[in-house]
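> Need a 3D model of the sequence below.
(2 chains)
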Amino acid sequence: MDFFVQILVGGLSIGFLYGLSAMGFVMIFKSSSVLNFAHGELLAIGAYFFLAFVTWAKLPILLSFLLALAACFLLGIIIERILLRPLIGEPLIFVIMLTVGLAAMFKGLILLLWGGNLFTYPDFLPKALGVQWGIVRIPPVYGATLIIGTVFLVLFGLFFKFSSQGIYMRSVADNQRAALSLGVHVKRVFALSWAIAALVAGMSGIVLGIINGVNVHDLSAIGLKVFPVVILGGLDSIGGAIIGGIIIGLLENFTSGYLSPSLRDVVPYVVLVLILLLKPYGLFGLKEIERV
Amino acid sequence: MHPCGNFRERYEQEIKVFSTDFGRLWAGVGFVLLLAVVPLLATPYTLYIVNTIGIAAIAVIGLNILIGFTGQISLGHGAFFGVGAYAAAILSTALGLPLIVSVPAAGLITALIGMIFGIPSGRLKGLYLTIATLAGQFIIEYVLIHWESLTQGTMGITLPPARLLGLPIRGDLGFYYLIFASLAGMGWIAVNLVRTRYGRAFIAIRDNDRAAEGMGIPIFRYKLLSFGISSFYAGFAGALWAYYMGSITAEPFNLGLSVEYIAMVIIGGLGSISGSIFGAVFITLLNEGLRFMTGILMNWGFISQSGLNIAPLREFVFGLAIVLFILLEPRGLAELWRIVRSNFRLWPFSY
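Numbering: from 1, shown residues only, chains lettered A, B, ... in the order given. Sure thing, here's the model as predicted:
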């Protein structure tokens, strides 16, 4: 029973992280239908920005957090403006390969500047965030993750529901042509959604860095884990991303606990193929996939 | 000579491979030069590079049939290449089959596997299919490493020395002839395949799948066929690679290899058989050139003293090449080649 509970809690917390990492991916897909293979590298860039502000510039934690997020926001705008806008209307393979090329560039750049070593942030979280229930011990980092994640979810929920820009973004996601004819500045919405998605990715990267340490190979591997998560949850559903993440996290942990640790990395992809064959729009996605 | 206008009257004239005898002559001369002169001039290292290019070109021609002609994206071709390599290794060690049987058989086995992973294309298109093949890549990689009774896991398999029809194939030069004879054969098949009803059906599916269905093309069957053919090419190339290397492990057949092949297709030119070869040449030379450059830069005083590791520069430049080609010349080297050629042809009157 102890073992079961440990696995359950471990799976939930990993799954929550997957969900958090997948949020930015879903946001980009929802507004501009781009499948972003550079997502893991965007996570890594956020984590390394934070690292640079904290350890090199020695700025206070909160200030460096905000600066790192601002830098990611800018990077998102730059990527959309320079690289993706010329590709609007081009075939899918070009858009996919552009993000693949971008991923290689970012990864090379990070390795060039920091190398492939594991970095850790200075310990700054208050101990009070940790929780101990009987045998289940939740370390402070997971408490902090839960709080940061929930805050961001609520903030973005409010943003999409009430702010005018958020409503524009939803309208573009819903029907691009109709939004265009009603006077929504679709290009600005694309730029904004890349900026926000890069910001969310940067935030997730920082959280992952706090928990596992910062390493570009690990973080870009999580960028590929995002695919089963978002397909399970539905490619265009942010809530689905969180739930998909939790399911995949639980699945991974139970497989490695009860079956075989080596199966852990392949099970999400087996699930991915099954979902694609049986229910390709996922649990919460829009059922508008064209069948041929 | 080219006439200054379109005077074709029949379909046969329209689908000719060589529009003039001059072009056909030069293609023949070039091929003879390739087989006769290159081995005389080449050192073992350059022969190794040329052989790697030849093997990659076979796999990329296959991938181009899938991506460039049928419009289906596969992120699993690195793994399919690995399946071919393992199939050849297992057939030649466990069953003792000779090279002339085991290489095509490896291609057929890979075609079967490729068709299995192409089944999702019956229900999915576009990016959903891409994700399905991505999953295929990871699943095949896992099986290659963990099915130890068959693939010997991380130990790898050592192949017997290659013999073709009783003659031993020795060294880089022997493989040079084998690889380029295969490349010529496979290229010839591919060029002619796209002119047949099958190739034209592939192109119809790429351009508009609903219209293709409406014209009576059973698109699921043709998509599967395209997956099969392109995996056959990948498996054939993988089998040659396994014989060439002499021993194989599952390590090289990762997502990076799949990405590299797609990069070759795009940089070479989507939907162009000669472009596939240009792409394989470009990316392989880029890799080798960057390895050479970083080797020199590492030994420069101030860089080695600063402790900067510049090996990742290769990854950066690889990504940059993909991005620049997509943004500046999305039709790839084949298009650049066509522009250069037509400039020469029309010079000095570029009308």
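> burial count for the residue lying closest to residue B:153 once chain neighbours are set aside?
Nearest residue to residue B:153 in three dimensions, chain neighbours excluded: residue B:145, at 6.0 Å (Cβ to Cβ, 6 or more residues apart in numbering or on different chains). Heads up, the C-betas are built off the backbone N, CA and C, glycines and all. Using other Cβ atoms under 10 Å in any protein chain shown, the number of residues around residue B:145 comes to 17.
> next one: residue A:275
That count, for residue A:275 with other Cβ under 10 Å as the rule, works out to 22.
> Next, it: secondary structure please.
Of the three states, residue A:275 takes helix according to DSSP: H, G, I helix; E, B strand; the rest coil.
> ok, it touching residue A:231?
Yes: assessed by Cβ atoms under 8 Å, residue A:275 is found in contact with residue A:231 at 5.6 Å.
> anything in contact with each of these two?
Contact criterion Cβ atoms under 8 Å, 6 or more residues apart in numbering or on different chains; residues bridging residue A:275 and residue A:231 by contacting each: residue A:282.
> Return, as residue ranges, the portions of the stretch 51-200 of chain A with sub-threshold pLDDT.
By pLDDT under 70, the weakly predicted segments of the stretch 51-200 of chain A are A:125-137.
> in it, which spans are helices?
The residue ranges that make up the helices of the stretch 51-200 of chain A, judged by DSSP state H, counting those that start in this stretch, are A:61-79, A:92-114, A:140-162, A:164-174, A:176-181, A:186-212.
> hang on, the earlier thing: if you count neighbours, what's buried in the one helix or strand the residue nearest to residue B:153 maps to?
Under the criterion DSSP states H and E, the helix or strand holding residue B:145 is helix B:127-146. Within helix B:127-146, the residues that count as buried by 16 or more other Cβ atoms under 10 Å in any protein chain shown are B:127-145.
> quick one, what contacts residue 153?
This is for chain A. Residues counted as contacts of residue A:153 (Cβ under 8 Å, 6+ apart) are A:23, A:238, A:242.
> I was after chain B.
Taking Cβ under 8 Å, 6+ apart as the criterion, residue B:153 is in contact with B:145-147, B:250.
> Let's see the pLDDT reported for it.
Note for residue B:153: predicted pLDDT of 74.
> Also the one 5 residues further on?
In the prediction, the pLDDT value recorded for residue B:158 is 81.
> Report the beta-bridge partners for it.
residue B:247 (DSSP bridges).
> Let me see the contact set for it.
By Cβ under 8 Å, 6+ apart, the contact set of residue B:158 is B:93, B:246-247.
> Residue B:316 is in contact with residue A:109, correct?
Yes: in this structure residue A:109 lies within contact range of residue B:316 using Cβ under 8 Å: 5.7 Å.
> hang on, the earlier thing: possible to save the helices of the stretch 51-200 of chain A as CSV with distance to residue B:347?
Rendered in CSV, the data for these read as follows (distance: least, Cβ to Cβ, whole Å):
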stretch, distance to residue B:347
helix A:61-79, 41
helix A:92-114, 32
helix A:140-162, 59
helix A:164-174, 49
helix A:176-181, 46
helix A:186-212, 42
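> what's the closest of the ones you listed to residue B:67?
Counting by Cβ to Cβ, residue B:67 lies closest to helix A:92-114 out of the helices of the stretch 51-200 of chain A; the figure is 6.2 Å.
> Show me which residues of the stretch 1-150 of chain B are close to chain A?
B:67, B:71, B:73, B:119-120, B:122-128, B:130-132, B:134-136, B:138-139, B:142, B:146 (Cβ under 8 Å from any Cβ of the partner chain).
> at 7 Å what do you get?
Where proximity means Cβ under 7 Å from any Cβ of the partner chain, the interface of the stretch 1-150 of chain B facing chain A comprises B:67, B:73, B:120, B:123-128, B:130-132, B:134-135, B:138-139, B:142, B:146.
> quick one: the helices in the stretch 101-250 of chain B?
Taking DSSP H, counting those that start in this stretch as the test, the helices found in the stretch 101-250 of chain B are B:127-146, B:148-151, B:171-193, B:197-207, B:209-214, B:219-245.
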